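1. got a structure for you, letters missing:
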């Protein structure tokens, strides 16, 4: 038979070759109507989430490489699984590409996805490639709970401590550098901030460790900045909160950036978004145990930044002078990421 | 607390209200970082698939209602699960919407999704809503096998019968009517053809019944037309095939359409696409049993249209005069749907 293989079939072959051999829990990978994977073990529950990234809304093609885009598209979904305390298992991706996008883009994209997937034993098992006017990436991830345990946004109680993993604001600073809006502080600091934006590392091990303590009352990932995401958690839990500007964890890179550019670092930490750190609530008597468990499992710092209050107390920020203020508005009020 | 709820949070609330109460196997539905559902029972495997629909590539916003778009976006994914002989369980959707898209669109879209989901006990458990220049819908569906059984595209053997469910070409005729390219045959025929295009019904019960016979060697859904999809199955199975133009199942509606418009119905049946019927291969001695099992389970006709040959025999169409011909090229050689 003369083989008239269409463009879509050729692209799927490129993807299949880039993804390579599937691990044993993948019964059937890319190339059929659906992928087949081993079901979660008895007692586990199935997690599922999806996120979409659109060119010129969530990224600019000139500022992110195909590898980085593949990495990041998976990272934002893995971050949602991390926020439940779950273990990601498999990912599928729907990819809208422009007319003339070539095999190089596809190879780079799937190499990036595969590299991050490999770090967390996630398998990329399927996909759809279609044509579109802008690049659009929609990833869906299936995962499992460890035992039957998972953590939602809804369980925070007045008196709980509010914790965050890692540092905040680095990704926003990296984006400002990438877009040329500010001076690059240069050297390691600049490169590190840009990497935080382009290749965020989802807090999978941190989320699992947090859930295993069984002391976490609520958890979510910080995708739009604390100033947008903490009020979401508070609404879901029907509580108020107070956080302290001088407790926000800032990296030395961000402080160097702030020194050079004059941009207030806590504004980036509050409203910058795309940190993909975890926001965690736990009873005040338990927070040190939770923080230690996370640091032991993943070598990630955990910082107490405030406390959960009664709903009638509202949401406030205590600034460096001790004044109680309303939270600043998010830097970008577009309608974008949400709970999957 | 003054509640500054963002546009995205309001939209998620609209979705949550439209989707309504989740069935018991949904442990946690829309609104958190990920959805949580019951794991498939012991012995089952997990299926996962995704498909993306892009405005002006796969649909025109003026020719499909939000309800129909929601229905169709889910249908094309359920069709992939059907093609494995699987049982769909849960769906998540990433939705890219234009700046000024309102709540009415979202409500219509999710009502359409939910209406189809309800027919097959599928739960819509999560989503992401983002801004984009064109409407983009990416759905991912998780399902399970019945027992450990599933059917791929790769097992067809020389001598197998080639079967299809239902009728072919109706959807393509419906699209031609919708786009005003041809005269509407009017009455029931026109409406039926248009409905086939806008609200395809995935062949879930048919796929399950086929898989349960354990006599099916290969199966896939027909999304790009037999002329594109049968060669795909043949390549995956490393076989050749021969199909007969005068055996192609054509609906009375399509024949009426053809009579009025002069469009050859078998061309639509071969190359039209978007039929979402199942293409099934089974040993010749077994095909009647397979057909009966499907018809009994789902009241859907099954038609023998040809046979699987050795790879060196290539792929041919026997036309109405008995001449062997190469298959016509697909009507649209865009790069679009593929195996999840």
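-> Everything's here; your move. All figures in this text were calculated on a predicted structure; none of them were measured in a lab. Numbering: from 1, shown residues only, chains lettered A, B, ... in the order given.

2. which strand or helix spans residue A:197?
-> helix A:187-198 (DSSP states H and E).

3. buried stuff in the helix or strand of chain A with the lowest mean pLDDT?
-> One helix or strand of chain A scores below all others by mean pLDDT, DSSP states H and E: helix A:7-19, with a mean of 80. Neighbour counts using 16 or more other CB atoms under 10 Å in any protein chain shown place A:8-9, A:11-12, A:14-15, A:18-19 of helix A:7-19 among the buried residues. Every residue, glycine included, has its C-beta placed from N, CA and C.

4. any idea of the pLDDT on the residue in the stretch 201-340 of chain A positioned nearest to chain B?
-> Closest to chain B within the stretch 201-340 of chain A is residue A:314: 3.4 Å, counting by CB to the nearest CB. We have a pLDDT of 93 for residue A:314.

5. cool, residue A:329 as well?
-> Per-residue confidence (pLDDT) for residue A:329: 66.

6. could you identify the helix or strand that succeeds the least confident helix or strand of chain A?
-> Assignment by DSSP H and E places the next element after helix A:7-19 at strand A:26-28.

7. residues contacting that next one, please?
-> Contacts to strand A:26-28, defined as CB atoms under 8 Å, 6 or more residues apart in numbering or on different chains, come from residues A:34-38, A:90, A:123, A:125, B:45, B:150, B:152.

8. how about 6 Å then?
-> Here strand A:26-28 makes contact (CB atoms under 6 Å, 6 or more residues apart in numbering or on different chains) with A:35-37, A:123, A:125, B:45.

9. list just the nearest of the residues you listed to residue A:167.
-> Distance to residue A:167, by CB to CB, is smallest for residue A:123 among the contacts of strand A:26-28, at 30.6 Å.

10. which residues touch that closest one?
-> A:22-23, A:26, A:90.

11. under a three-state scheme, what state does residue A:77 occupy?
-> Using DSSP: H, G, I helix; E, B strand; the rest coil, the structure places residue A:77 in helix.

12. any idea how far it lies from residue A:140?
-> 7 Å (CB to CB, to the nearest Å).

13. about what we covered before: does chain B sit close to the least confident helix or strand of chain A?
-> Yes. Helix A:7-19 reaches chain B (CB under 6 Å from any CB of the partner chain) through A:7-8, A:12.

14. quick check on the spatially closest residue to residue A:310 that is not a sequence neighbour: phi, psi?
-> Nearest in space to residue A:310, with sequence neighbours left out and distances taken as CB to CB, 6 or more residues apart in numbering or on different chains, is residue A:158 at 4.8 Å. Per-residue torsions, residue A:158: phi -50, psi 140 (degrees, to the nearest 10).

15. right, and residue A:158 touches residue A:312 too?
-> No. Checked against CB atoms under 6 Å, the pair residue A:158 and residue A:312 is beyond contact range at 10.0 Å.

16. picking up where we left off before, are any of the contacts of strand A:26-28 buried, and which?
-> By 16+ other CB under 10 Å, the contacts of strand A:26-28 give A:35-37, A:123, A:125, B:45 as buried.

17. now do the strands in the stretch 51-200 of chain A.
-> A:87-97, A:123-131, A:136-144, A:161-165 (DSSP state E, counting those that start in this stretch).

18. so the third one versus strand B:136-144, what angle?
-> Meaning strand A:136-144. Relative orientation of strand A:136-144 versus strand B:136-144 (axes from the mean of the first three to the mean of the last three CA atoms, to 10 degrees): 20 degrees.

19. now for strand A:136-144, which elements pack on it?
-> Other helices and strands packing on strand A:136-144, by 3 or more CB pairs under 6 Å, 6 or more residues apart in numbering or on different chains; DSSP states H and E, are strand A:45-54, helix A:66-82, strand A:87-97, strand B:136-144.

20. and it, average pLDDT?
-> 96.

21. which neighbours in the sheet does it have, and how are they oriented?
-> As defined by DSSP bridges, the strand partners of strand A:136-144 come to strand A:45-54 (antiparallel), strand A:87-97 (antiparallel).

22. give me the contacts around the first one.
-> Spelled out, it's strand A:45-54. The contact list for strand A:45-54, computed with CB under 6 Å, 6+ apart, reads A:40, A:73, A:76-77, A:80-81, A:84, A:86, A:136-138, A:140-143, A:145, A:340, B:27, B:34-37, B:39, B:92, B:94, B:96, B:128, B:130, B:132, B:140, B:142.
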